[in-house]
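Visitor: Sequence and predicted structure, then a few things I'm wondering about:
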Amino acid sequence: MSANGAASAAPVTWLEAWARPEGGARVREAFRARFGTEPDGVWSAPGRVNVIGEHTDYNGGLCMPMALPHRTYVALRRREDDTVRLASAQEAAGGVWTRRLADVAPGTVEGWAGYVVGVAWALAQAAHPVPGFDAVVDSCVPYGAGLSSSAALESAFAVALDEVAGIGLAGDDAGRAALAQACIRAENEIAGAMTGGMDQTASLRCRAGHALVLDTRDGSTRHFPFDLAAHGLALLVIDTRAPHQLADGQYAARRATCEAAARTLGVATLRDVGDLEAALALLDDEVARRGVRHVVTEIARVELVEQLLAAGDVDAVGPVLTAAHASLRDDYEVSCPELDLAVDTAILAGALGARMVGGGFGGSAVALVRTDAVGHVAEAVSAAFAAAGRTAPAFLVATPDGPAARD
Ligand code: GLA
């Protein structure tokens, strides 16, 4: 019998991260098998989880992501022409996707290849032309879990192409910010997802052992040590395995609502709303009012969490996470039954706080949990999903890993 009253123990699935040498060896071997030659090298980039600050990055706001030990690996060999040949180690029967870089433009590429050649296209747009390449990809970033598998893919190619094309941006943070911009353009203009940039920044500019506070108004970052275990705590990630239904259209609609509200309020972005009550009084539309309230209060929650962490008052972060979930669920309306079940069950089972992460409508939640209660909370959530007839969730404990790099 678990603490939330669920009678039967449901099996708990853990999402293991590959050790870096293992990930590198896998993709190198897959490259040899596919192309019959050695790659120039192997590069990898992490997925991310966001501690706090959701749907703030396209509003000039603050967010606090950290890189996961789960990474996407790329083995790549430069070509002398402008042809790209791409394969995924996860599609054993899949063919090799082929395209000339000269033929890549917005609206011309579908599927995951768009994230890859989109980065090459965006670098060329920024006057950093890259040659053609052969590449194989493999990944242990859970796909569709809201943990930025697409940003990990873009960022791994960004550092790989940066090196083989001799661009040299990956060597310092300013250059990495430029690579992140190329990844954002790839995602927005070639893959067609109008996301805000938190994920690419986390994957390229984070530091191992640290969370990153990103100020999207000016792109500045602060890094601070994020060692929950030293406080007897852990950040448990719960992949609900709920598909991101309607995610793209709903995400774009939220973004459009925020941008329209900013225009009505006469501010560049919602970050510039100083007086929330005065702003709400100027908005007639209820959806816009709730959207603005979510964004403005969420930015304040990022500032609060940063202060609590700096003061070592880590337990107090829990209720802030739970408040963020209520705001995302009720004001921003981007949660879903699976995310609410994960959050509610984790709190009932003893988590200090919990919330959905990422864009919403599926994907993952996080729970701040005492280290010795991690297994128990995971069991309680698994049991609740089983009792509700839902697909079994999967779990990982998030510890901050390092940025995109050569392996
Ligand atoms: C997705 C997007 C990010 C961000 C989050 C919500 O992950 O890719 O840019 O907007 O949703 O915080």
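Guide: Now that the structure is in, tell me what you want to look at. Everything numeric in this text was worked out from a predicted model, so none of it was measured. Numbers count the residues shown, from 1 in each chain.
Visitor: The closest residue in space to Asp330 that isn't next to it in sequence: which element?
Guide: Take Asp330 and drop its neighbours on the chain: the residue closest to it by C-beta to C-beta, 6 or more residues apart in numbering is Arg290, 7.8 Å away. (Each C-beta comes from the backbone N, C-alpha and C, glycine too.) Element membership for Arg290, per DSSP states H and E: helix 286-310.
Visitor: Assumed Val237 was part of a helix.
Guide: No - counting by DSSP: H, G, I helix; E, B strand; the rest coil, Val237 is not found in a helix; it is strand.
Visitor: got the residues of the stretch 101-250 of the chain near the ligand?
Guide: Thr195, Gly196, Gly197, Met198, Asp199 (C-beta under 6 Å from any ligand atom).
Visitor: mind listing the helices for the stretch 201-350 of the chain?
Guide: Remark: helices assigned in the stretch 201-350 of the chain by DSSP state H, counting those that start in this stretch are 247-265, 276-282, 286-310, 317-326, 337-348.
Visitor: Just send those back as a markdown table, with mean neighbour count and mean pLDDT too.
Guide: Converted to a markdown table, the helices of the stretch 201-350 of the chain look like this (neighbours: other C-beta atoms under 10 Å; pLDDT from 0 to 100):
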| stretch | mean neighbour count | mean pLDDT |
| --- | --- | --- |
| helix 247-265 | 17 | 93 |
| helix 276-282 | 14 | 98 |
| helix 286-310 | 19 | 98 |
| helix 317-326 | 21 | 99 |
| helix 337-348 | 23 | 98 |
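Visitor: Which stretches in this protein count as strands?
Guide: For the chain, the strands defined by DSSP state E cover 13-14, 41-50, 62-63, 65-78, 83-88, 97-100, 133-139, 210-215, 220-225, 233-239, 353-356, 364-370, 394-398, 405-406.
Visitor: Rebuild those strands as JSON lines, extending it with mean pLDDT.
Guide: Below are the strands of the chain laid out as JSON lines (pLDDT from 0 to 100):
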{"stretch": "strand 13-14", "mean pLDDT": "98"}
{"stretch": "strand 41-50", "mean pLDDT": "98"}
{"stretch": "strand 62-63", "mean pLDDT": "98"}
{"stretch": "strand 65-78", "mean pLDDT": "98"}
{"stretch": "strand 83-88", "mean pLDDT": "98"}
{"stretch": "strand 97-100", "mean pLDDT": "98"}
{"stretch": "strand 133-139", "mean pLDDT": "98"}
{"stretch": "strand 210-215", "mean pLDDT": "97"}
{"stretch": "strand 220-225", "mean pLDDT": "95"}
{"stretch": "strand 233-239", "mean pLDDT": "98"}
{"stretch": "strand 353-356", "mean pLDDT": "98"}
{"stretch": "strand 364-370", "mean pLDDT": "98"}
{"stretch": "strand 394-398", "mean pLDDT": "98"}
{"stretch": "strand 405-406", "mean pLDDT": "98"}
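Visitor: what residues go with each domain of this structure?
Guide: 16-48+68-207, 228-398 (automatic domain parsing).
Visitor: Please name the nearest non-neighbouring residue to the residue of the stretch 251-400 of the chain found nearest the ligand.
Guide: Scanning the stretch 251-400 of the chain for the residue nearest the ligand gives Gly359, at 3.4 Å (criterion: C-beta to the nearest ligand atom). Closest residue to Gly359 apart from its sequence neighbours, by C-beta to C-beta, 6+ apart: Tyr251 at 5.2 Å.
Visitor: That neighbour and Met194 touch, don't they?
Guide: Yes - shown here, Tyr251 and Met194 form a contact pair, counting by C-beta atoms under 8 Å, at 7.0 Å.
Visitor: if we can go back for a sec, make TSV out of the strands of the chain and add distance to Arg32 and mean neighbour count.
Guide: Formatted as TSV, these follow (distance: least, C-beta to C-beta, whole Å; neighbours: other C-beta atoms under 10 Å):
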stretch	distance to Arg32	mean neighbour count
strand 13-14	30	12
strand 41-50	12	28
strand 62-63	40	26
strand 65-78	8	26
strand 83-88	12	20
strand 97-100	19	15
strand 133-139	9	25
strand 210-215	35	23
strand 220-225	37	14
strand 233-239	32	24
strand 353-356	41	28
strand 364-370	34	26
strand 394-398	30	21
strand 405-406	18	15
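Visitor: Turn the ones you listed into a markdown table, including distance to Val119.
Guide: Converted to a markdown table, the strands of the chain look like this (distance: least, C-beta to C-beta, whole Å):
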| stretch | distance to Val119 |
| --- | --- |
| strand 13-14 | 31 |
| strand 41-50 | 11 |
| strand 62-63 | 22 |
| strand 65-78 | 11 |
| strand 83-88 | 11 |
| strand 97-100 | 13 |
| strand 133-139 | 11 |
| strand 210-215 | 20 |
| strand 220-225 | 21 |
| strand 233-239 | 26 |
| strand 353-356 | 28 |
| strand 364-370 | 25 |
| strand 394-398 | 26 |
| strand 405-406 | 16 |
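Visitor: His294 is nearest to which of those strands?
Guide: strand 353-356 (12.3 Å; C-beta to C-beta).
Visitor: so who does the nearest residue to Tyr143 once chain neighbours are set aside touch?
Guide: Closest residue to Tyr143 apart from its sequence neighbours, by C-beta to C-beta, 6+ apart: Ser149 at 5.0 Å. For Ser149, the contacting residues are Gly47, Thr72, Ser139, Val141, Pro142, Tyr143, by C-beta atoms under 8 Å, 6 or more residues apart in numbering.
Visitor: how about these, which pair is most distant?
Guide: Using C-beta to C-beta, the contacts of Ser149 span at most 11.1 Å, a distance reached by Thr72 and Pro142.
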